[in-house]
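Colleague: Sequence below, structure please.
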Amino acid sequence: MVIFMKDEDSSLDWRAGVDPTVPNSARMYDYFLGGKDSFPADVAAARKVQDRQPIIRAASRENRYFLRRAVRYLAELGIDQFLDLGTGLPTQGTVHEIATGARVVYVDHDPMVIAHAHALMIGGDEHRVRIIEGDAREPHTILDHPQVVRHLDFDRPLGVLMLGLLHFIRDQEGAGDVVSEFVRPLVPGSYLAISHGTLDGFDTRLVADVRLVYENAMSYQMRTRAQISRFFTGLDMVEPGLVPATDWRPDGVTEGVPGDKIGLLAGVGVVP
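Modeller: Residues are numbered from 1 along each chain as shown. Okay, here's the model as predicted:
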């Protein structure tokens with residue numbers, strides 16, 4: 001276990017920045033994973049999504065399985081520092097637990113996530129891990145953050161993780177520019193991992209229903225495979241490329257749902 005260093009510019013009192021009546025994507029995701037860190041508004045919204053898209057629980061778990069496989073793969077290649085954007089509430093199998101010995105900065109915009117991280121991740125390994133409050137839609141505020149600058153060495157390869165993040169940043173909010181800004185300072189041999197909800201193979205009316213539930217509280221935009229592929233522009237794709245999350249270097253741990261039914265694409269690119 002690990003103790004996260006407090007962000008000097010923020011308070012651990014998450015109540016000042018949380019409206020429990022408004023659903024939150026991180027807390028909904030925690031609900032889909034079987035967690036208990038959610039408010040009634042989160043549960044109600046999550047159940048609406050699940051009613052319209054029952055596969056969402058399996059997809060959420062497959063996203064965690066992809067995280068484990070991708071981080072393990074990068075660690076085996078020698079990547080020993082990670083920037084995890086939109087990390088969500090702490091759950092089993094976090095990046096620093098998978099890549100033991102790696103330096104990790106977790107980033108989330110939800111004060112409740114920050115508070116839970118500090119409260120739940122207590123231990124004696126504070127030299128390896130930091131968590132900061134930040135909005136991925138404002139890359140410069142994260143990349144220039146003192147904790148990021150001090151903790152990660154951008155002169156060496158690192159792994160940037162955007163898992164289950166970009167479908168909460170719409171095109172009009174500059175999703176493509178967000179990715180480009182985080183990739184720009186990376187040296188050759190650095191990696192970008194993305195998982196993203198997809199429109200492919202789903203009834204458009206069903207997709208519109210799910211989008212409406214999310215957009216009552218937050219940005220939400222599922223994308224096609226071609227649209228997601230553009231986030232990897234300028235990078236070399238790691239085999240097997242952008243594929244259903246279940247099919248990215250599978251290791252036998254799965255929910256057993258066919259990849260084309262999961263509604264989640266995943267891929268890893270390397271800076272040439």
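
Colleague: Tell me how many other residues surround the nearest residue to Ala102 once chain neighbours are set aside.
Modeller: Distances taken as C-beta to C-beta, 6 or more residues apart in numbering put Asp80 closest to Ala102, at 4.7 Å, once the chain neighbours are dropped. Quick note: C-beta positions are derived from backbone N, CA and C, even for glycine. If you count neighbours by other C-beta atoms under 10 Å, Asp80 ends up with 18.

Colleague: can you pull the contacts of Asp80?
Modeller: Ala99, Gly101, Ala102, Arg103 (C-beta atoms under 8 Å, 6 or more residues apart in numbering).

Colleague: Save these as TSV, and put in distance to Gly93 and secondary structure too.
Modeller: Converted to TSV, those look like this (distance: C-beta to C-beta, whole Å; DSSP: H, G, I helix; E, B strand; the rest coil):
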residue	distance to Gly93	secondary structure
Ala99	11	coil
Gly101	16	coil
Ala102	14	coil
Arg103	18	strand
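
Colleague: Any quick PyMOL command for the buried ones out of those?
Modeller: Here is the PyMOL selection string for the buried members of the contacts of Asp80, based on 16 or more other C-beta atoms under 10 Å:
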select buried, resi 99+102+103
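
Colleague: Quick one: the strands in the stretch 51-200 of the chain, in order.
Modeller: 81-85, 103-108, 129-133, 159-163, 191-197 (DSSP state E, counting those that start in this stretch).

Colleague: can you redo these as TSV with mean pLDDT?
Modeller: Below are the strands of the stretch 51-200 of the chain laid out as TSV (pLDDT from 0 to 100):
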stretch	mean pLDDT
strand 81-85	97
strand 103-108	93
strand 129-133	89
strand 159-163	98
strand 191-197	96
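
Colleague: okay, those strands in CSV with distance to Asp153 next?
Modeller: CSV is the format used below for the strands of the stretch 51-200 of the chain (distance: least, C-beta to C-beta, whole Å):
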stretch, distance to Asp153
strand 81-85, 7
strand 103-108, 8
strand 129-133, 13
strand 159-163, 13
strand 191-197, 15
